[in-house]
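**Q** can you look at this prediction? I've put the sequence above it.
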Amino acid sequence: MRGITDTVKHLLIINVIMFVGTMAIGNDQLFYRLFALYFPKNDLFQLWQIITHMFMHGNFQHILFNMFALWMFGTAVEQIFGKRKFIFFYISAGLGAALLQLGYYYFKFYSGMDILTEAGFVQSQVMDVLSSGFNRYDTRWNSLMSQDQLANFVGVFNSSMVGASGAIMGILVAYGMLFPNSKLMLIFLPIPIKAKYFIPAIIAIDLFSAVSGVSIFSPNNTAYIAHIGGALTGFIIMYFWKKDQFDKYRWN
């Protein structure tokens, strides 16, 4: 693969293999159940999913856009960082994305659980109901929660997350800080915009979607909080990695 750095190339290959495996094996979504990141209170959750979900994708469009962004921005960033530092940065951004999303999920989940326990329901019994089947709940909860609260409570328990988007948002931040005057443009908005404006705008759109629930460029089930988590983690790491120190502390 000419023009692609080694780590980016290997990440592309791993993601494609996982996607093809998910599509080919099928078997009641075996790969998805094993490697997607489930809510930790769900019996399907496994510790390794915190890493493996970064290499899973839901559909062809999902993997296409993520891998295009990885190739487009990751190669330039890896050339500055070096292989080991790039891997550390990529995984760290992905972990930061997952942790912030899970923290958000825990807040929504226990907001609902508090309502039920205050009404006299026993937490262990509530968990038994939720664990009895996909999207199962006690109809008595309808009188205690609004439709949105109930949907959030049950939905979070049954949620799963896949994709490299969080890690790639970190890479985008790194690219914007390393090459602030590089000009970028969206396919549907062919106007060159400097990276130092373009990338914060993308993050701002994700923040707006996370707060408002209105999707602009992404599907409705996008984990916007994970995007913000990846971007924030990338910014924090970049803050401490001074640009003039990259060569001095390069991890070859």
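**A** Nice, I can see it.

**Q** please count neighbours and contacts with C-alpha atoms only from this point.
**A** OK.

**Q** can you map out the helices along the stretch 1-150 of the chain?
**A** Using DSSP state H, counting those that start in this stretch, the helices of the stretch 1-150 of the chain run over 6-25, 30-35, 49-52, 60-69, 75-81, 83-118, 123-130, 147-157.

**Q** am I right that residue 18 is in contact with residue 55?
**A** Yes: counting by C-alpha atoms under 8 Å, residue 55 is a contact partner of residue 18 at 6.6 Å.

**Q** and residue 81, how far from residue 171?
**A** Noted for residue 81: a distance of 11 Å to residue 171, by C-alpha to C-alpha, to the nearest Å.

**Q** repeat for residue 209
**A** To residue 171, residue 209 is 21 Å away according to C-alpha to C-alpha.

**Q** and the two? which has more neighbours close in?
**A** For residue 209 versus residue 171, the count of surrounding residues by other C-alpha atoms under 10 Å is larger for residue 171: 29 against 20.

**Q** just the element for the more buried one, please.
**A** Assigned by DSSP states H and E, residue 171 falls within helix 165-178.

**Q** so which elements touch that helix?
**A** helix 60-69, helix 75-81, helix 83-118, helix 195-212, helix 224-240 (3 or more C-alpha pairs under 8 Å, 6 or more residues apart in numbering; DSSP states H and E).

**Q** ranking these by burial, who's on top?
**A** helix 224-240 (a mean of 22; mean count of other C-alpha atoms under 10 Å).

**Q** export that helix as PDB, just CAs?
**A** The C-alpha trace of helix 224-240 is given here as PDB (Å, rounded to 0.1, in the frame of the first residue of the first chain):
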ATOM      1  CA  TYR A 224     -21.600  11.400  19.800                       C
ATOM      2  CA  ILE A 225     -20.300  11.400  23.400                       C
ATOM      3  CA  ALA A 226     -17.700   8.900  22.400                       C
ATOM      4  CA  HIS A 227     -16.600  11.200  19.500                       C
ATOM      5  CA  ILE A 228     -16.200  14.000  22.000                       C
ATOM      6  CA  GLY A 229     -14.300  11.700  24.400                       C
ATOM      7  CA  GLY A 230     -11.900  10.700  21.700                       C
ATOM      8  CA  ALA A 231     -11.300  14.300  20.700                       C
ATOM      9  CA  LEU A 232     -10.900  15.400  24.300                       C
ATOM     10  CA  THR A 233      -8.400  12.600  25.000                       C
ATOM     11  CA  GLY A 234      -6.400  13.400  21.900                       C
ATOM     12  CA  PHE A 235      -6.300  17.100  22.900                       C
ATOM     13  CA  ILE A 236      -5.100  16.300  26.400                       C
ATOM     14  CA  ILE A 237      -2.300  14.100  25.200                       C
ATOM     15  CA  MET A 238      -1.300  16.600  22.500                       C
ATOM     16  CA  TYR A 239      -1.200  19.300  25.200                       C
ATOM     17  CA  PHE A 240       1.500  17.500  27.000                       C
END
